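K.L.:
Give me a model of this one.
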Amino acid sequence: MASRISELVIDCTDPDRLAAFWGGVLGYVELGREEDGSIEIGPPGAGFGGPQPTLVLSPGGGPRSGKLPLHIDVNATDRDQSAELERLLALGARHADVGQTGEESWHVLADPEGNEFCLLRTRLPPL
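P.N.:
Numbering: from 1, shown residues only. A predicted model of the protein is given here:
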């Protein structure tokens, strides 16, 4: 037996804004809201416990400084990396500098609250 990741929790100042952003990035839908303001999003028709982890956007994130110790990597499923980069920027992502050289095969981006994530080059098949 082994464990698997069922959900990722992101502390943030505006759960609605990040739920909309990450829902657009991943094609996720809102699965539920908690009284504390947390919003869970996940794949349509699967939800918690499905083949992909859900995201929980939880209020309480304060200002931070420095590179995050953990980040999310994403891959396009239906377009090349350049087209996906444009789509992510249109959703509200922005370029982030974490010390990369410019020779990397990935793009370092930040979500609307500054959480870094990477867009990798390889296109993956949709689930």
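
K.L.:
Helices along the protein, start to end?
P.N.:
With DSSP state H as the definition, the chain shows helices at residue ranges 15-26, 81-91.

K.L.:
most tightly surrounded among those helices?
P.N.:
Highest mean neighbour count of these: helix 15-26, a mean of 20 (counted as mean count of other Cβ atoms under 10 Å). The C-beta positions use only the backbone N, C-alpha and C, and glycine is treated the same way.

K.L.:
What sits closest to the residue nearest the centre of the chain if chain neighbours are left out?
P.N.:
Closest residue to the average C-alpha location of the chain: residue 22 at 5.0 Å, with Cα atoms, centre = their mean. The spatially closest residue to residue 22, leaving aside those adjacent along the chain, is residue 55, at 5.5 Å (Cβ to Cβ, 6 or more residues apart in numbering).

K.L.:
beta partners for that neighbour?
P.N.:
residue 8, residue 41 (DSSP bridges).

K.L.:
Look at it and say how many residues are nearby.
P.N.:
For residue 55, the number of neighbouring residues by other Cβ atoms under 10 Å comes to 23.

K.L.:
and it, what is it in contact with?
P.N.:
Residues in contact with residue 55, defined by Cβ atoms under 8 Å, 6 or more residues apart in numbering, are 7, 8, 9, 10, 19, 22, 26, 28, 40, 41, 42.

K.L.:
now, the most widely separated pair of those residues?
P.N.:
Across the contacts of residue 55, the longest distance by Cβ to Cβ is 15.3 Å; it joins 9 and 26.

K.L.:
that older thread, who touches the residue nearest to the centre of the chain in this structure?
P.N.:
By Cβ under 8 Å, 6+ apart, the contact list for residue 22 reads 28, 41, 55, 57, 111.

K.L.:
No further queries at this time; thank you.
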